[in-house]
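A.B. asks: the amino acid sequence is not available; the structure is as follows:
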């Protein structure tokens, strides 16, 4: 006789997990859970995916910020209480048709599939479109992943779960605000003071360890984020987190930033080849930088971006480009600058190859003057909030280099804007020319003596 297996398998939600579990059991389709570290976020979602996959054979994804994280965080993760892999607990082997360790892919006997994927490769996954997606560590993920996948999930009448700890007032914070005012969304924020899943003493011990690694200020910020779900601390290692927070507090992120027909339209580019290409559209007036729009895409040449700029009404343009813009475009026999000029763009001399941190510091100086159009710059604003140092695991320090992730293209383009914008400042009104004296032949005798006396006085002063 075949083994009878009940789902969820040998698992029951903890008391504080029950509201989310009951919402999902009742057919809920959208949820965001801001839970503290080690509250069991992934565990709940793995078991929900198992139940859903057996009830409705379809494609299911568990999405981490980066594909490479998935193997350690989910696929090979072991429950320390049982010594078993978490995926084996949630998805009993007896229910599987096959398991692909290399692709982190499970096919169930009823035809459903479940796979670990990354938000850094959200548009590269193959196979049938997903019915259910868990976005794990959503605050660190590429927000474009949901923008791309939302229509697919909606068409399939599927579900999407967003689970995370807090990481500054970024897209996860704004999604929580949206969920709080939107019917049909589940939302919940849980700190250790509400769950009691971790003792205060254990958290304070963790704080002391963090102080030894990061220093007191960063350690306290990390503890507030991870265990008390605070959105007020900047993202750890963020280059411009404080400056972006100040821009928000001062009301410089809004929908009132408008295109001026009297000012030149400038575009700062981060030119990619295999990577996305990112650009900021801006104008400069005395004392401020009006940031009109942000756009990025990948897999397209310059004509695509020229078309986007024209269609959006940003034309004619003057372009600020990085030092590598003089590189030859593959297959064209032209440099990138020549390709842009050929499309009708005016291109200034490429920026010198400044040291990386010079660009970061220039970005820090430019941000207090920047006014962003909230909607048209939404993705770019998230890039600036999340653009951060690379972490050195071996030496436990932040390197003076960028972490190359979804935010780095917008961050790089902002560095180039910041190094170039002052050259775009309007020239001051020319001073009125000083009156030119009379020719010597036209002077009266009195005027001649006065001029001679003044000249004698100047010689005496010398």
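C.D. replies: Yep, that arrived. Everything quoted here is computed from the prediction, not taken from an experiment.
A.B. asks: low-confidence ranges, the stretch 201-350 of the chain, go.
C.D. replies: The stretch 201-350 of the chain contains residues with pLDDT under 70 at 234, 273-275, 330-332.
A.B. asks: SS state for residue 391?
C.D. replies: Secondary structure, DSSP: H, G, I helix; E, B strand; the rest coil: residue 391 is strand.
A.B. asks: show the pLDDT at it.
C.D. replies: pLDDT recorded at residue 391 is 84.
A.B. asks: what of residue 462?
C.D. replies: With respect to pLDDT, residue 462 has a value of 37.
A.B. asks: now do residue 134
C.D. replies: What the model reports for residue 134 is a pLDDT of 98.
A.B. asks: equivalent analysis for residue 39, please.
C.D. replies: If you check residue 39, the pLDDT there is 96.
A.B. asks: tell me which helix or strand it sits in.
C.D. replies: Per DSSP states H and E: residue 39 is located in neither a helix nor a strand.
A.B. asks: offset the numbering so it begins at 827, please.
C.D. replies: That works, and once the first residue is 827, the last one we named lands at residue 865.
A.B. asks: ok now do it, which residues does it touch?
C.D. replies: 842-843, 1016, 1021, 1023 (CB atoms under 8 Å, 6 or more residues apart in numbering). No exception for glycine: its C-beta is placed from N, CA and C like everyone else's.
A.B. asks: cool, residue 1228 as well?
C.D. replies: 1065, 1182, 1213-1216, 1234, 1237-1238.
A.B. asks: neighbours around residue 1038, how many?
C.D. replies: Around residue 1038 there are 11 other residues, counting by other CB atoms under 10 Å.
A.B. asks: what residues of the helix or strand hosting it count as buried?
C.D. replies: Take DSSP H and E as the rule and residue 1038 turns out to sit in helix 1026-1040. Residues of helix 1026-1040 classed as buried: 1029, 1032-1033, 1036-1037, 1040 (neighbour count, 16 or more other CB atoms under 10 Å).
A.B. asks: want to throw the residues you listed into CSV with distance to residue 856?
C.D. replies: Shown next, in CSV, are those (distance: CB to CB, whole Å):
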residue, distance to residue 856
1029, 31
1032, 32
1033, 34
1036, 33
1037, 38
1040, 35
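A.B. asks: and residue 1141, its phi and psi?
C.D. replies: The phi and psi values for residue 1141, taken as degrees, to the nearest 10, are phi -160, psi 140.
A.B. asks: separation between it and residue 1092?
C.D. replies: Per CB to CB, to the nearest Å, residue 1141 is found 12 Å from residue 1092.
A.B. asks: repeat that for residue 1244.
C.D. replies: To residue 1092, residue 1244 is 12 Å away according to CB to CB.
A.B. asks: how deep is residue 1155 tucked in, by neighbour count?
C.D. replies: If we define neighbours as other CB under 10 Å, then residue 1155 has 17 of them.
A.B. asks: pretty sure it sits against residue 1166.
C.D. replies: No - applying CB atoms under 8 Å as the test, residue 1155 and residue 1166 come out as separate, 10.0 Å apart.
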